[in-house]
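*Asks:* this one's sequence-less:
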């Protein structure tokens, strides 16, 4: 165990750990205060007291919130272990066989079809009495109304009675089929490219805005309302499409540009009333582990 781990294990108490974890998951003192039902001053005072006791800076403060330092990251696993121990004590047992019932997850269709659902045999193998309902029409899902128990989103929730946690990053690039990529070589350059884009109803999306700038107001050769349709068009060689790197890799597409500046954070949002539910927590940890294990595929372009 590292010196940091030893000091953390000796001095980190559950009351400290819950504040530390709430800040780490929400990304801000105010978010942690809302999650825990405490005053902002109380949260600030408690984390400062913990940092002073450990002699470590656990967070770096920024205008947009708080980020874990290397020392804070080193303590994260031990804080989560304290959290799990506290839950087991409250429940009277930590047996996995008690994880049962239905959990309703809202997420994007692309993540559901290509990342989450293919991995669920591991979840069901561990918790055979658990059932999962996946809702991909996330535009109409409101966790605050309990339309779902938890959600994996690419936009950070700013309101509602939810606990949020950043899981990772979804990287995007400009992709073409191998035939189209070969065809475009030696042409007049980017201005001559044929783009696959979004319909006007989705003009607010980062990818749609990027394409609009690239085309300088000209319409794309094909516009759709779903990412899956754009993927099909790119595979068919119709033109260039902005796609998540993992989809480009899965479909043997060529990444012609990977520095678009539109990568998005992946957020896990859980209804606060269900944050300590054993079945909801089982799914939450499954999703967190899955996204972490898929970091390279989700964030980086395929090797050329």
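*Replies:* Yep, it's here. The structure displayed is predicted, hence computed values, not measured ones.
*Asks:* what is the residue nearest the centre of the chain paired to in the beta sheet?
*Replies:* For the chain, the residue nearest the mean C-alpha position is residue 266 (2.0 Å; Cα atoms, centre = their mean). Residue 266 has these beta-bridge partners by DSSP bridges: residue 168.
*Asks:* you'd agree residue 286 is up against residue 122?
*Replies:* Yes - using Cβ atoms under 8 Å, residue 286 makes contact with residue 122 at a distance of 7.4 Å. The C-beta positions use only the backbone N, C-alpha and C, and glycine is treated the same way.
*Asks:* those two - which one has more neighbours?
*Replies:* Neighbour count, other Cβ atoms under 10 Å: between residue 286 and residue 122, residue 286 has more, with 21 against 12.
*Asks:* burial measure for residue 173, as a count.
*Replies:* Other residues within reach of residue 173, judged by other Cβ under 10 Å, total 25.
*Asks:* does it count as helix, strand or coil?
*Replies:* Here residue 173 is recorded as strand under DSSP: H, G, I helix; E, B strand; the rest coil.
*Asks:* that one reaches residue 255, doesn't it?
*Replies:* Yes - counting by Cβ under 8 Å, residue 173 does reach residue 255; the two are 4.4 Å apart.
*Asks:* one step back: quick check: neighbours shared by residue 286 and residue 122?
*Replies:* With contacts taken as Cβ atoms under 8 Å, 6 or more residues apart in numbering, residue 286 and residue 122 have no neighbour in common.
*Asks:* domains in the protein, as residue ranges please.
*Replies:* 3-91, 98-167+264-295, 172-257 (automatic domain parsing).
*Asks:* so which of these is nearest residue 301?
*Replies:* Nearest to residue 301, of all the domains of the chain, is domain 172-257, at 4.5 Å by Cβ to Cβ.
*Asks:* hmm, back to that, now the residue nearest to the centre of the chain: how far from residue 118?
*Replies:* To residue 118, residue 266 is 17 Å away according to Cβ to Cβ, to the nearest Å.
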